[in-house]
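**Student:** output the structure for:
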Amino acid sequence: MRLALKKYDKVLFVFFAAALIGSFLIWTFEEQFDVKAWHVNPSGRYQMADDIIDSDLLITKSKEDIIDLLGSPYDTNLFGKDNFIYKLGKPPSFSESKIALLIIVFELNLAVEVIESKE
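**Tutor:** Okay, here's the model as predicted:
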């Protein structure tokens, strides 16, 4: 019985280590938001979208502040709402890839929500 418990512990340890290493690699290679990279490589902006959204980088910023940071938006007034839209490029995909968009929703001239969407 003791031998079975050791095998079980080893399998559990291997799965735990694999999950830990996988999480570390994802965190290491995730692209952080960089203003210069945003302007230089518009087709690779999709790599920075998660960092922008997760860090609430744009929340409570005014339209002018966002334009200063990200540049002029691609489009505005999606579905009659007060928003900015930025093209993020085409993320890699196994199926037909679609252009990713960063949608910033405003209320009273301040950003209240940031969403990534596929066009």
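**Student:** please make it C-alpha for all contacts and neighbour counts, starting now.
**Tutor:** OK.
**Student:** pLDDT weak spots in this structure?
**Tutor:** For the chain, applying pLDDT under 70 flags the ranges 1-5, 25-30, 75-80.
**Student:** now the phi/psi pair for Glu113, please.
**Tutor:** As for Glu113, its main-chain torsions (degrees, to the nearest 10) stand at phi -150, psi 140.
**Student:** please list all residues in contact with it.
**Tutor:** 59, 104-106 (C-alpha atoms under 8 Å, 6 or more residues apart in numbering).
**Student:** which residues of the protein fall in helices?
**Tutor:** 2-29, 35-40, 46-54, 63-70 (DSSP state H).
**Student:** just those helices: most buried one?
**Tutor:** helix 46-54 (a mean of 17; mean count of other C-alpha atoms under 10 Å).
**Student:** tell me which of the contacts of Glu113 fall in strands.
**Tutor:** 104-106 (DSSP state E).
**Student:** on that earlier part again, neighbour-wise, which of the contacts of Glu113 leads?
**Tutor:** In terms of neighbour count, Ile104 stands highest of these at 24 neighbours, by other C-alpha atoms under 10 Å.
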